[in-house]
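**Student:** Next come a sequence and a model predicted from it.
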Amino acid sequence: MNYRDALYHPIFKIISESAKELDLDAYVIGGFVRDYILKRGSAKDIDVVAIGSGIALARQVAKNLPTRPKVQVFKTYGTAMLRYDDIEIEFVGARKESYNNDSRNPIVEDGTLEDDQNRRDFTINALALNLSKTEFGALLDPFNGIDDLNKKIIRTPLNPDITYSDDPLRMMRAIRFATQLNFNIEEASLNAISKNCDRIKIITNERIVVELHKILESEVPSIGLLLLEKTGLLHYILPELTALKGIDEVEGQRHKDNFYHTLEVVDNISKHTNNVWLRWAALLHDIGKAPTKRFSKKVGWTFHGHEFEGSKMVYHLFKRLKMPLNDKMKFVQKMVFMSSRPIVLAQDMVTDSAVRRLVFDAGDYVEDLMTLCEADITTKNPKKFHKYHNNFKIVREKIVEVEARDQVRNFQPPISGEEIMKTFNLKPSREIGIIKETIKEAILEGDIPNEFEAAHQLMLEEGKRLGLKVSK
């Protein structure tokens, strides 16, 4: 079978000519071939295997390109990379690998193309296209990867038990590909992941998070999240989520399974946003429910303060996984902390005051918060579902109305601390904070407009109440 059409880009002819000049055989392998056959769009990453030195081939290709791109060499791994025409091309010499039990970093030695295909994680990633002039575009498929593509199966080229034990990151990759491609993991492979799930402990958190991000960025993230839970991997990676599993019953009163509810919320929000950090917020919005779960004979099951507890847990989770402790983390914390606020508004009468406070507290993230809360409605009761979403529509309309009138998003008080100090001839003191808080509360409650004159008058009244005198 020939896929010459896949190699339409001029870069492939240049690689072919460069390989001939060095008397090397070269092949395109992996994701580029897989995605072309699946018609998944133009790949921006190309992996080239040389039977010989991949670094030498990269340098020869760069020499033959009109732009003479810089070649990045990674001697430790025997690889080289260059960029050309928005495409990133990685070159590696064909190799065979062996592993020690306590590391996923292989012992590498030169090998044949067959050795290189044997070391690939999945049959669908072992597909290779010949770049030699005589067989340009010919497919090499030693493990029936084309058949697996047609059957939508994730399968390892060799014994899955050895494949996953050698490099446990492949377990995450199997689940990620199953999620992205909507493929099934072969039963023997799935069983091997469950058997070796504890081996994930030798993988760095940074690499695990890369795969988690790709699962969360997929069209239906719950596919991967369910597989992570089924195989036992989730217990080691995100125990905060597995702690949500199960339904307790006391005196005939039950609560919903918050784990499966969470997966529904993540899928719901994924239909409306590609923001991976908002998807993270959906994934973590209920993690505070496990430690705050209580049973009361009067009201049944409660989760009081789970939003506050969950927002604290976000920090520790990010820190443990070595995720960024920056504005991204603070955004997720804020979304988790405020996740119930619009729901409460959607249940009750929507007052201007409540909406002003919501906009004030959420700031620029009020739209994200509303998207999260709408995704959080997973009731199967059509009347309740319609009622909630209709009320959310009212809340959204109120937000636009209140924001246009009162301008409380990213609120800046009309009266500054310096103005208060000057008016009453004060040095920094608690009275300044009291006056500023009084003005802010009056604006949020709608007692005064968000304007200087009204705020100035209230400042004078509050100063008088505090026994302050206006300076002359």
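**Tutor:** Looks like it came in fine. Numbers count the residues shown, from 1 in each chain.
**Student:** Poorly predicted segments of the protein, please.
**Tutor:** Applying pLDDT under 70 to the chain picks out residues 96-110, 249-255, 344, 346-349, 410, 472.
**Student:** residues of the lengthiest helix in it that come out buried?
**Tutor:** Counting residues, the longest helix found in the chain (DSSP state H) is helix 382-406. Neighbour-count burial for helix 382-406 flags 388, 391-392, 395-396, 398-399, 402, 406 (criterion: 16 or more other CB atoms under 10 Å). From N, CA and C alone the C-beta is placed, and that goes for glycine too.
**Student:** now swap in stretch 435-452 and tell me
**Tutor:** Within stretch 435-452, the residues scored as buried using 16+ other CB under 10 Å are 435-436, 438-440, 442-444, 448, 450.
**Student:** could I get these as JSON lines with distance to Gly300 and secondary structure?
**Tutor:** Shown next, in JSON lines, are the buried residues of stretch 435-452 (distance: CB to CB, whole Å; DSSP: H, G, I helix; E, B strand; the rest coil):
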{"residue": "Ile435", "distance to Gly300": "44", "secondary structure": "helix"}
{"residue": "Lys436", "distance to Gly300": "42", "secondary structure": "helix"}
{"residue": "Thr438", "distance to Gly300": "40", "secondary structure": "helix"}
{"residue": "Ile439", "distance to Gly300": "42", "secondary structure": "helix"}
{"residue": "Lys440", "distance to Gly300": "37", "secondary structure": "helix"}
{"residue": "Ala442", "distance to Gly300": "39", "secondary structure": "helix"}
{"residue": "Ile443", "distance to Gly300": "39", "secondary structure": "helix"}
{"residue": "Leu444", "distance to Gly300": "33", "secondary structure": "helix"}
{"residue": "Ile448", "distance to Gly300": "42", "secondary structure": "coil"}
{"residue": "Asn450", "distance to Gly300": "42", "secondary structure": "coil"}
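**Student:** Just put these in TSV and tack on distance to Ile343.
**Tutor:** As requested, the buried residues of stretch 435-452 are exported to TSV (distance: CB to CB, whole Å):
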residue	distance to Ile343
Ile435	34
Lys436	30
Thr438	30
Ile439	30
Lys440	25
Ala442	27
Ile443	25
Leu444	20
Ile448	29
Asn450	27
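**Student:** between those residues, which is closest to Pro160?
**Tutor:** Leu444 (59.1 Å; CB to CB).
**Student:** All the strands of the stretch 251-400 of the chain, residue numbers only.
**Tutor:** 253-254, 294-296, 300-302 (DSSP state E, counting those that start in this stretch).
**Student:** Give the buried residues for stretch 409-418.
**Tutor:** 409, 411, 413-415.
**Student:** repeat for stretch 267-285
**Tutor:** 267-270, 273, 276-285.
**Student:** now swap in stretch 368-387 and tell me
**Tutor:** Judged by neighbour count using 16+ other CB under 10 Å, the buried positions of stretch 368-387 are 368-377.
**Student:** what do you get for stretch 302-318?
**Tutor:** Here stretch 302-318 shows 303, 306-307, 309-311, 313-314, 317-318 as buried, counting by 16+ other CB under 10 Å.
**Student:** what does stretch 189-200 give?
**Tutor:** 189-190, 192-193, 196-197, 199-200.
**Student:** Could you report the separation of Ile175 from Ile247?
**Tutor:** 25 Å (CB to CB, to the nearest Å).
**Student:** higher neighbour count, those two?
**Tutor:** Ile175 (28 against 12; other CB atoms under 10 Å).
**Student:** What strand or helix carries Gly80?
**Tutor:** For the record, residue 80 is Ala, not Gly. strand 79-84 (DSSP states H and E).
**Student:** What pairs with that strand, parallel or antiparallel?
**Tutor:** strand 72-74 (antiparallel), strand 87-93 (antiparallel) (DSSP bridges).
**Student:** Wait, Thr156 touches Asp166, no?
**Tutor:** No - in this structure, Thr156 is not within contact of Asp166 by CB atoms under 8 Å, at 10.4 Å.
**Student:** Compare the two (neighbour count), which wins?
**Tutor:** Using other CB under 10 Å, the more surrounded residue of Thr156 and Asp166 is Thr156, with 24 against 21.
**Student:** Report the secondary structure state of the more buried one.
**Tutor:** Secondary structure for Thr156, judged by DSSP: H, G, I helix; E, B strand; the rest coil, is coil.
**Student:** Excluding chain neighbours, what is closest to it?
**Tutor:** In space, and not counting its chain neighbours, Thr156 is closest to Thr163: 4.2 Å by CB to CB, 6 or more residues apart in numbering.
**Student:** that older thread, what is the longest helix of the chain packed up against?
**Tutor:** Applying 3 or more CB pairs under 8 Å, 6 or more residues apart in numbering; DSSP states H and E, one finds that helix 382-406 contacts helix 341-347, helix 352-362, helix 366-375.
**Student:** Give me the residues contacting it.
**Tutor:** 342-343, 345-347, 350, 352, 355-356, 358-359, 366, 370, 373-374, 377, 379, 408-409, 443, 446, 449-450 (CB atoms under 8 Å, 6 or more residues apart in numbering).
**Student:** same deal with stretch 446-454?
**Tutor:** So stretch 446-454 is contacted by 352-353, 356, 406-408, 411, 414-415, 439, 442-443, 455, 457-458 (CB under 8 Å, 6+ apart).
**Student:** ok, of the buried residues of stretch 302-318, which one's closest to Met171?
**Tutor:** Nearest member of the buried residues of stretch 302-318 to Met171, counting by CB to CB, is Leu317, at 20.6 Å.
**Student:** Thought Leu284 was touching that closest one, still the case?
**Tutor:** Yes - under the criterion of CB under 8 Å, Leu317 makes contact with Leu284 at 7.0 Å.
**Student:** Identify the contacts common to these two.
**Tutor:** Glu240.
**Student:** Please tell me how far the residue nearest to Lys133 when sequence neighbours are not counted sits from Ala26.
**Tutor:** Leaving aside its chain neighbours, Lys133 sits nearest to Ser16 (6.0 Å; criterion: CB to CB, 6+ apart). According to CB to CB, Ser16 and Ala26 sit 7 Å apart.
**Student:** Looking at these two, which is more packed in?
**Tutor:** Set side by side, Ser16 and Ala26 show more neighbours around Ala26, with 28 against 18, by other CB under 10 Å.
**Student:** all helices of the stretch 101-250 of the chain, in order?
**Tutor:** For the stretch 101-250 of the chain, the helices defined by DSSP state H, counting those that start in this stretch cover 113-118, 145-151, 160-166, 169-181, 187-195, 205-216, 222-231, 233-237, 239-242.
**Student:** a markdown table for these, including distance to His9?
**Tutor:** Conversion of these to a markdown table gives the following (distance: least, CB to CB, whole Å):
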| stretch | distance to His9 |
| --- | --- |
| helix 113-118 | 22 |
| helix 145-151 | 22 |
| helix 160-166 | 32 |
| helix 169-181 | 23 |
| helix 187-195 | 33 |
| helix 205-216 | 25 |
| helix 222-231 | 31 |
| helix 233-237 | 37 |
| helix 239-242 | 42 |
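**Student:** picking up where we left off before, what is the nearest of the buried residues of stretch 302-318 to Asn150?
**Tutor:** Looking across those and measuring by CB to CB, the closest to Asn150 is Leu317, at 39.7 Å.
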